[in-house]
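K.L.:
Build me a model:
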Amino acid sequence: MAAGEQQSREYLERHGLPALLHRLAALLLYHRPERPRQFLIQVLEAVRAARRGEAAMPGVLDEADVEAVFRMLDAAGRGFVTGRQCRAALKTLGLSTAELRVGDEEEIRLPGFKEEVMKTLLEGWTV
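P.N.:
Have a look, this model is predicted:
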């Protein structure tokens, strides 16, 4: 890999731009607005407002969706999922598992699962 290309990759990663662009693309594909540029401006303005505590972060998933994912993973109704299941769910949703600090067999109840997923969803907006 050329030095310039490596520097470019490092720059993008350092500023969290791949995750941001991934989130923006996911929102575009989910909502499919008639005016995509205006939609992106509105999303970024909503992120700014959310950082000031004036609104919720924009996203494709809300807490009800996260609860539904948990219930699907806990099909046996045990009241928990394993760390392995949580990690797999995050990967399936296209989210990072880097900050997940649970063992594969550790039990995660719904509040913990929601906290982990919602935290990871918010991390994609930290640029």
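
K.L.:
neighbours of residue 40, just the number please.
P.N.:
15 (other CB atoms under 10 Å). Any C-beta I mention is one placed from the backbone N, CA and C, and that applies to glycine too.

K.L.:
do residue 30 as well
P.N.:
Using other CB under 10 Å, residue 30 has 11 neighbouring residues.

K.L.:
same question, residue 97
P.N.:
Neighbours around residue 97, by other CB under 10 Å: 15.

K.L.:
One more: the one 5 residues further on?
P.N.:
A count of nearby residues for residue 102, using other CB under 10 Å, gives 16.

K.L.:
Under a three-state scheme, what state does it occupy?
P.N.:
With DSSP: H, G, I helix; E, B strand; the rest coil as the basis, residue 102 sits in coil.

K.L.:
In this model residue 84 seems to touch it, though I could be wrong.
P.N.:
No. Using CB atoms under 8 Å, residue 102 makes no contact with residue 84, being 9.1 Å away.

K.L.:
residue boundaries of the helices in this structure?
P.N.:
Assigned by DSSP state H, the helices in the chain fall at 3-14, 17-31, 36-51, 63-73, 83-92, 110-123.

K.L.:
can I get those in JSON lines with mean pLDDT?
P.N.:
As requested, those are exported to JSON lines (pLDDT from 0 to 100):
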{"stretch": "helix 3-14", "mean pLDDT": "89"}
{"stretch": "helix 17-31", "mean pLDDT": "84"}
{"stretch": "helix 36-51", "mean pLDDT": "89"}
{"stretch": "helix 63-73", "mean pLDDT": "91"}
{"stretch": "helix 83-92", "mean pLDDT": "88"}
{"stretch": "helix 110-123", "mean pLDDT": "84"}
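
K.L.:
Next, count neighbours for residue 62.
P.N.:
Residue 62 has 11 nearby residues by other CB under 10 Å.

K.L.:
So what's the residue count around the nearest residue to residue 12 once chain neighbours are set aside?
P.N.:
With sequence-adjacent residues excluded and distances taken as CB to CB, 6 or more residues apart in numbering, residue 12 is closest to residue 18, at 5.8 Å. Using other CB under 10 Å, residue 18 has 12 other residues around it.
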